[in-house]
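In: would you be able to build a 3D model of this:
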Amino acid sequence: MKIPSLRFLLIAFAVLFAFACGSNPTGPGVPTTGSIRVTSVPTGAQVFLDGVDKAQTTDCTLTNVAPGSRAVRLVKAGYADYQGTTTVTAGATANVAATLTPDAQAGALSVTPANGLASSGATGGPFTPANQAYTLQNTGGSAINWTVAATQAWVTVAPASGTLGAGLSTQITASINNAANTLAAGDYTDTLTFTNTTNAVGNTTRSVSLQITPASQTLSVTVDYTRVLPMPNPNGLDFPILAWSTGPGHLGTRGLTKVNDDVFTSPFVPFLTETVIRIWILDDKMHNGTTQIVCRTIKVNGQVLDVGTTIYGETSFIIGTNGVVRKPV
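Out: Next comes the predicted model:
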């Protein structure tokens, strides 16, 4: 028998080595495991891989998983178990996305309607709508306990808890209570949380919003006012005018009615509550150069407001939601 040459043996060995390296890479840095990304609707399901509890809940990623076919099971109270398989490849991430089905025998909470409570009104109330009714129904096959909670003191929920047998329903009411009457103008929000405390199936929320606008009070303004003779501008208007402003770009005026030679009064004037109001007198007959004080006092609802040394009278005040006149801080 003819013995192969050394050259032939070397070539054959090189080919076998190259083939072995190309089909089974095991060098440094080459991944040997893969990952599985597990998600579910709803989340919070316990994850088992090949029957082993991985001590994780969805949504999560399982790492260092050996390649091959792997069984994934998801377990969540109130839902049927999910069973599935996926193929893991070294260096890659497989995906398992499950939609859990409520267990027909478990109790489940349903809340209607889907809308929240959106109320509005002026400071001090009342607010409309004042409440919103919700129907709670157990659509499952066994009894559940439930709670409803708000976080803000101006929201009341009644009743706030109870028990529902399979297929039964009840009604709760969320209301804007009297605590809202003390709130300043502005926008306020809260959240109603409906909880199935038995197995969490059907937990949900509803929004609560409250929009409070500044209220108005109808006030009577009286001015103690004496014109100086001779009048600097006798051709001007023959009566002083009450002027007021509640901010840039907003100015109101009202002619003053003469009560006697020294007293003028305005008809009732509506003012926004809890808003700084600046008030003063306009008098065309007196505006040309006089330096004498012609306005001594201004009264709002009978309360004297200091006008200092202002010739025509100028002062600021706030009318509270309770109707009390006060000076700004």
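In: quick one: contacts for Ala149?
Out: 157, 160, 192-193, 195 (Cβ atoms under 8 Å, 6 or more residues apart in numbering). Where C-beta positions appear, they are placed from N, C-alpha and C, glycine not excepted.
In: got those as a markdown table, with secondary structure, distance to Ile311 and neighbour count columns?
Out: Listed next are the contacts of Ala149 as a markdown table, based on DSSP: H, G, I helix; E, B strand; the rest coil; distance: Cβ to Cβ, whole Å; neighbours: other Cβ atoms under 10 Å:
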| residue | secondary structure | distance to Ile311 | neighbour count |
| --- | --- | --- | --- |
| Val157 | strand | 59 | 20 |
| Ala160 | coil | 62 | 12 |
| Leu192 | strand | 58 | 22 |
| Thr193 | strand | 61 | 15 |
| Thr195 | strand | 67 | 17 |
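In: go through these and name the one nearest Thr265.
Out: The closest of these to Thr265 turns out to be Val157 (Cβ to Cβ; 49.7 Å).
In: and the gap between the nearest residue to Gly44 once chain neighbours are set aside and Gly107?
Out: Leaving aside its chain neighbours, Gly44 sits nearest to Thr57 (5.2 Å; criterion: Cβ to Cβ, 6 or more residues apart in numbering). To Gly107, Thr57 is 21 Å away according to Cβ to Cβ, to the nearest Å.
In: was I right to think Val294 contacts Tyr225?
Out: Yes. Judged on Cβ atoms under 8 Å, Val294 makes contact with Tyr225 at a distance of 6.2 Å.
In: which of those two has more residues huddled nearby?
Out: Tyr225 (23 against 19; other Cβ atoms under 10 Å).
In: how about the helices in the stretch 151-300 of the chain?
Out: Counting by DSSP state H, counting those that start in this stretch, the stretch 151-300 of the chain has no helices to list.
In: can you list the low-confidence ranges for it?
Out: Scanning the stretch 151-300 of the chain for pLDDT under 70 picks out the ranges 248-250, 261, 267-268, 288-289.
In: centroid-nearest residue for this structure?
Out: The residue lying closest to the centre of the chain (Cα atoms, centre = their mean) is Thr189, at 4.8 Å.
In: nearest to Thr275 among the contacts of Ala149?
Out: Closest to Thr275, out of all of the contacts of Ala149 and judged by Cβ to Cβ, is Leu192, at 32.3 Å.
In: contacting residues for the nearest residue to the closest one once chain neighbours are set aside?
Out: Of all residues not flanking Leu192 in the chain, Arg206 sits nearest, at 4.4 Å (Cβ to Cβ, 6+ apart). Arg206 makes contacts with 111, 114-117, 132, 134, 174, 191-192, 194, as judged by Cβ under 8 Å, 6+ apart.
In: next one: Arg70
Out: By Cβ under 8 Å, 6+ apart, the contact list for Arg70 reads 36, 49-50, 85-88, 94.
In: what about 7 Å?
Out: Arg70 makes contact with 36, 49-50, 85-86, 88 under the criterion Cβ atoms under 7 Å, 6 or more residues apart in numbering.
In: go on, Arg254?
Out: Counting by Cβ under 7 Å, 6+ apart, Arg254 has contacts 241-242, 266-267, 269.
In: now list the buried members of the residues you listed.
Out: Burial by neighbour count, judged by 16 or more other Cβ atoms under 10 Å, picks out 241-242, 266, 269 from the contacts of Arg254.
In: quick check: of the residues you listed, which lies closest to Ala184?
Out: Distances from Ala184 to the buried ones among the contacts of Arg254, taken by Cβ to Cβ, are shortest for Val269, at 22.6 Å.
In: so in terms of bridging, what pairs with that closest one?
Out: Per DSSP bridges, the residues bridged to Val269 are Leu219.
In: roughly how far apart are it and Thr246?
Out: For Val269, the distance to Thr246 equals 12 Å [Cβ to Cβ].
In: sorry, back to before: buried members of the contacts of Arg70 into ChimeraX, please.
Out: The ChimeraX selection below is limited to those of the contacts of Arg70 classed as buried (16+ other Cβ under 10 Å):
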select :36,49,86,88
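In: which among the contacts of Arg70 gets closest to Gln303?
Out: Once Cβ to Cβ is applied, the member of the contacts of Arg70 that ends up nearest Gln303 is Ile36, at 76.3 Å.
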